[in-house]
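> I need the structure of the sequence given here:
(4 chains)
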Number of protein chains: 2
Amino acid sequence: MNTTQRTDQQTSADRRRRELLEAADRVVLRDGPHASMNAIAAEAGITKPILYRHFGDKGGLYAALAVRHTDALLASLRAALDAPAERRQRVESTLDTYLAAIEARPQVYRFLMHPAEGAGTPGDQSEQGFDVGKHSAPLLRRMGEELAQVIEERLDVGPGTQQLARVWGHGIVGMMHAAGDWWLGERPCPREELVRTLADLLWGRLAEAGDKAGGPGF
Amino acid sequence: MNTTQRTDQQTSADRRRRELLEAADRVVLRDGPHASMNAIAAEAGITKPILYRHFGDKGGLYAALAVRHTDALLASLRAALDAPAERRQRVESTLDTYLAAIEARPQVYRFLMHPAEGAGTPGDQSEQGFDVGKHSAPLLRRMGEELAQVIEERLDVGPGTQQLARVWGHGIVGMMHAAGDWWLGERPCPREELVRTLADLLWGRLAEAGDKAGGPGF
DNA sequence: CAATGCATGTTACTTGCGGTAACCCCGAGT
DNA sequence: ACTCGGGGTTACCGCAAGTAACATGCATTG
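Residues are numbered from 1 along each chain as shown, chains lettered A, B, ... in the order given. Sure thing, here's the model as predicted:
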């Protein structure tokens, strides 16, 4: 019937799509985010137009790829965030999970952080609006929103919690990201130490610290 | 003589370079970071090869442009950080300076945050090493390092201050950046409120907050 | 069984951009 | 008069995104 037919097509198309994504993944992880559509098609054993039929344009393909990895990472972060333990313990665990992930697979990290690639299209009109605010990688956005959600659900900070939760969510995620990026580049200390230091920052040690003698203070 | 000759040439070349940068600035601020070399050359009233003679490649031009703006922004941040006031006041003032800057000229912001553009070069060898850790925009790197410097110079937190200062420097800058980016996109609240909320986060209000009734706590 | 779809795949093209080679022109110095 | 070097141009290469038009295999339908 029509339904089974459609279902068959659907599943077949979906399977194909998944295979293509696997191939794209391999290439991107091997060649970096600037892998060409030709290269990806070759890896998949086919040619360009098929990719375009499935994903519309390069942005579509990359978005699909990114969603896969983002979902996976977010799931493990959520697990760390949901574990039964003290708040400090949970924050550290979440930081550690994120850092362990980007440490274990830096290429995935590199790819996920790569911004939208919005250019390249000849008659590109979408760029004239200057998508300010959409600069950050979607992963960061999503992490920020998720964390905001968690904060808002579980934390009690009087009125204005919602706004505050979102600010903190994005802020904390940004802190984690920037520190992680720097750390990944220089590897100045073991992971646990970084985790502890960041947690200390969130726990207000900046405010408690004393001024160094002689200076104007900080 | 040789010296005056060299000086004349130098200054002339420098003046030209400055003019070209002005033109590039106009175009980039008008068309976004994806402005083509042709467009920039046209705006400057000349043609591509001259740009390449002066800046080597597109990366060179963009780097030169970025340095100009980055220097300017860093100077005003340093001023806010150096003002004579309480620590909290100074932190808020610095945050506000940054946010005011990106609010006033989002296009500059957008350009500065744009990553290195490392691709495009045909025989590109630098990409194979996967410059992980160099993902962040140079501006963020520099801000992180500067802040780390300031923290290390003025704050007293026992042994291991140096490491801690760098972690915090990059972390705080990342927080500021991410929150700013999100805020710029959604404008959910006035600037002062954002500043206060972020400062609260740094002041440990996250640790102090109570759990909401019913949940597993956070 | 032919005939019609229709998804799947290919070749070959266009457009646009980064980057370069080769040539051009004009004013200064000998 | 001549060449020499800085500033400039045209015309090109290579490459990657994206598309049009054509080919093929496998089901359903008259």
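
> what's around residue A:203, how many residues?
Using other Cβ atoms under 10 Å in any protein chain shown, residue A:203 has 17 other residues around it. Any C-beta I mention is one placed from the backbone N, CA and C, and that applies to glycine too.

> Surely it and residue B:202 touch.
No: applying Cβ atoms under 8 Å, one finds residue A:203 not in contact with residue B:202, separated by 10.3 Å.

> I'd like the average pLDDT over the top helix by length along chain A.
Longest helix in chain A, counting residues (DSSP state H): helix A:2-31. For helix A:2-31, the mean pLDDT works out to 77.

> Now do that helix: distance to the chain's middle.
In this view, helix A:2-31 has its centroid 23 Å away from the chain centroid, taken as Cα atoms, centre = their mean, to the nearest Å.

> buried stuff in that helix?
Neighbour-count burial for helix A:2-31 flags A:20-21, A:23-25, A:27-29, A:31 (criterion: 16 or more other Cβ atoms under 10 Å in any protein chain shown).

> repeat for stretch A:61-80
Neighbour count says stretch A:61-80 has A:61-66, A:69-70, A:73, A:77, A:80 buried, by 16+ other Cβ under 10 Å.

> Which residue ranges make up the domains of chain A?
Using automatic domain parsing, the domains assigned to chain A come out as A:15-56, A:68-116+A:135-205.

> quick check, the longest one touching DNA strand D?
Read it as domain A:68-116+A:135-205. No: taking Cβ under 7 Å from any atom of the strand as the criterion, domain A:68-116+A:135-205 and DNA strand D are apart, separated by no less than 11.6 Å.

> Can the helix or strand harbouring residue A:49 be said to contact DNA strand C?
Element membership for residue A:49, per DSSP states H and E: helix A:48-55. Yes: applying Cβ under 7 Å from any atom of the strand, one finds helix A:48-55 touching DNA strand C at A:48-50, A:53.

> before we move on, back to that, out of the buried residues of stretch A:61-80, who's nearest DNA strand D?
Set against DNA strand D, the nearest of the buried residues of stretch A:61-80 by Cβ to the nearest atom of the strand is residue A:61 (8.0 Å).

> nearest residue to the closest one other than its sequence neighbours?
residue A:55 (4.0 Å; Cβ to Cβ, 6 or more residues apart in numbering or on different chains).

> which residues sit in contact with the one you found?
Residue A:55 sits next to A:20, A:61, A:64 when contact means Cβ atoms under 8 Å, 6 or more residues apart in numbering or on different chains.

> Could you take the residues of helix A:48-55 next to DNA strand C and lay them out as JSON lines, with extra columns for neighbour count and distance to chain B?
Shown next, in JSON lines, are those (neighbours: other Cβ atoms under 10 Å in any protein chain shown; distance: Cβ to the nearest Cβ, whole Å):
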{"residue": "A:48", "neighbour count": "13", "distance to chain B": "19"}
{"residue": "A:49", "neighbour count": "10", "distance to chain B": "23"}
{"residue": "A:50", "neighbour count": "13", "distance to chain B": "24"}
{"residue": "A:53", "neighbour count": "9", "distance to chain B": "25"}
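
> Can you check the pLDDT for the spatially most central residue of chain A?
When Cα atoms, centre = their mean is applied to chain A, the residue found nearest the centroid is residue A:139 (2.7 Å). We have a pLDDT of 94 for residue A:139.

> Verify the contact between it and residue A:111 for me.
No: using Cβ under 8 Å, residue A:139 makes no contact with residue A:111, being 9.7 Å away.

> hey, what's in contact with both of these two?
Shared contacts of residue A:139 and residue A:111 (Cβ under 8 Å, 6+ apart): A:66, A:69.

> Helices of chain A, start to end?
For chain A, helices defined by DSSP H occupy the ranges A:2-31, A:37-44, A:48-55, A:58-82, A:87-104, A:106-113, A:138-154, A:161-186, A:191-202, A:205-208.

> Alpha carbons of stretch A:153-163, as CSV, please.
The C-alpha trace of stretch A:153-163 is given here as CSV (Å, rounded to 0.1, in the frame of the first residue of the first chain):
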residue,chain,number,x,y,z
GLU,A,153,14.3,24.1,37.6
ARG,A,154,16.5,23.3,40.6
LEU,A,155,17.9,26.5,42.0
ASP,A,156,16.1,28.9,44.2
VAL,A,157,17.2,32.5,44.0
GLY,A,158,14.2,34.5,44.6
PRO,A,159,12.5,36.6,41.9
GLY,A,160,13.9,37.0,38.4
THR,A,161,15.2,33.4,38.5
GLN,A,162,14.4,32.8,34.9
GLN,A,163,16.5,35.6,33.5
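
> May I see the buried residues of that stretch?
Buried residues in stretch A:153-163, counted by 16+ other Cβ under 10 Å: A:154-155, A:157, A:161, A:163.
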